[in-house]
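Q: Could you look at this predicted model? Sequence included:
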Amino acid sequence: MDTKFSTAIHMLILVSEAEQPMNSEQIATSVGTNASYIRKVAARLSRAGIIEGRRGVSGFSLLKAPSDISLLDVYRAVEETDDVHVFDIHQNPSDSCIVGKNIRPVLSGMFRHAEQVVEDELAGATLADCMARMRERIEKDERSSHRQEGVKQ
């Protein structure tokens, strides 16, 4: 799997939390990529009705509340598929080998089950959940930083 999914979540949190609309250059700086890649991901999110960017207006905005955007919605938008796909099976196992002959059906069932678990988890998590976890982490880091400052004095 590539990084479009994590990039999209990063981007959506930025767009949601920004006081002013953020453009692709600003988002790219935070993500650590280039603006053209951000625009590619944004186009997929836009086609899925998750964000919008208007001509002549710099920046993107969410079209739904973060609590109404499941991570499965984001995954499906950026991967442009309805099915969660995490695992691939090698394509040319030998039919003359007992393992080669049976590996695909054995792994296919196991992999599909694991992918269903991932799909269920993504369906049950929202962008708002990611944002809440991020806020908790930021607050924890700030508390830790304040405690360390007090010890150093």
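A: Arrived safely, thanks for sending.

Q: Return the distance of the helix or strand of the chain with the lowest mean pLDDT from the chain's centre.
A: Using mean pLDDT, DSSP states H and E, the weakest-scoring helix or strand in the chain turns out to be helix 127-152, at a mean of 86. How far helix 127-152 lies from its chain's middle: 22 Å, per Cα atoms, centre = their mean, to the nearest Å.

Q: What helices and strands are in contact with it?
A: Applying 3 or more Cβ pairs under 8 Å, 6 or more residues apart in numbering; DSSP states H and E, we find helix 127-152 packed against helix 4-17, helix 71-79. C-betas here are computed from N, CA, C, even on glycine.

Q: Flag every buried residue along that helix.
A: 127, 128, 130, 131 (16 or more other Cβ atoms under 10 Å).

Q: Equivalent analysis for stretch 72-88, please.
A: 72, 73, 74, 75, 76, 77, 78, 79, 84.

Q: what does stretch 5-16 give?
A: 5, 7, 8, 9, 10, 11, 12, 13, 14, 15, 16.

Q: for the protein, what are the low-confidence residue spans?
A: 1, 55-57, 150-153 (pLDDT under 70).

Q: same thing but 80
A: Residue ranges of the chain with pLDDT under 80: 1, 54-58, 146-153.

Q: hmm, back to that, which one of the buried residues of stretch 5-16 sits closest to residue 136?
A: Using Cβ to Cβ, the shortest approach to residue 136 within the buried residues of stretch 5-16 belongs to residue 13, at 13.5 Å.
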